[in-house]
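> build me a model from this:
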Amino acid sequence: QVQLVESGGGLVQPGGSLRLSCAASGSIDSINYMGWYRQPPGNQRELVASITTAGSTNYAGSVKGRFTISRDDAKNTVYLQMNSLKPEDTAVYYCNAVIRVIGRSYPNTYWGQGTQVTVSS
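A predicted model of the protein is given here:
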């Protein structure tokens with residue numbers, strides 16, 4: 001009933017920038033928390049950044065000052081602007097959202113399919 005579709009990943013040189021987008025679609029009543037996670041090769045998935053309905057943000061220490069998360073509620077979309085990218089930012093990036101579907105009392109957590117970000121010269 002709900003889909004999260006990411007876009008914007010790719011190959012970029014160290015120091016470069018990328019902007020990831022994640023659009024939610026389906027029978028959406030409301031979207032609470034939205035966030036970005038990443039899973040580097042051989043490692044566990046980790047939180048990169050999150051944003052609440054009120055606009056409060058949270059960042060992993062390793063990306064603070066370089067990445068910016070934002071959301072457009074009219075488009076049910078969350079963005080991740082990534083600047084000053086480093087090779088250690090290489091990972092599959094996943095969108096995550098807590099969404100209440102129309103007709104249901106409680107929200108559920110949904111994940112996107114992931115988008116690859118590779119930082120290499």
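
> how much space between the residue nearest the centre of the chain and residue 67?
Centroid-nearest residue in the chain: residue 36, 2.8 Å away (criterion: CA atoms, centre = their mean). Separation of residue 36 from residue 67 (CB to CB, to the nearest Å): 8 Å. From N, CA and C alone the C-beta is placed, and that goes for glycine too.

> would you check that the residue nearest to the centre of the chain makes contact with residue 93?
Yes - using CB atoms under 8 Å, residue 36 is in contact with residue 93, at 5.9 Å.

> what do those two both touch?
Any residue near both residue 36 and residue 93 by CB atoms under 8 Å, 6 or more residues apart in numbering counts here, and that gives 20, 48, 80.

> Serialize these to a markdown table and add fields for secondary structure.
Below are those laid out as a markdown table (DSSP: H, G, I helix; E, B strand; the rest coil):
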| residue | secondary structure |
| --- | --- |
| 20 | strand |
| 48 | strand |
| 80 | strand |
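
> quick revisit: list the residues that contact both of residue 36 and residue 67?
With CB under 8 Å, 6+ apart, residue 36 and residue 67 have common neighbours 48-49, 80.

> host element of the residue located most distally from the centre of the chain?
Checked against the mean C-alpha position of the chain, the extreme residue using CA atoms, centre = their mean is residue 103, at a distance of 26.0 Å. Under DSSP states H and E, no helix or strand contains residue 103.

> got phi/psi on it?
phi 90, psi -10 (degrees, to the nearest 10).
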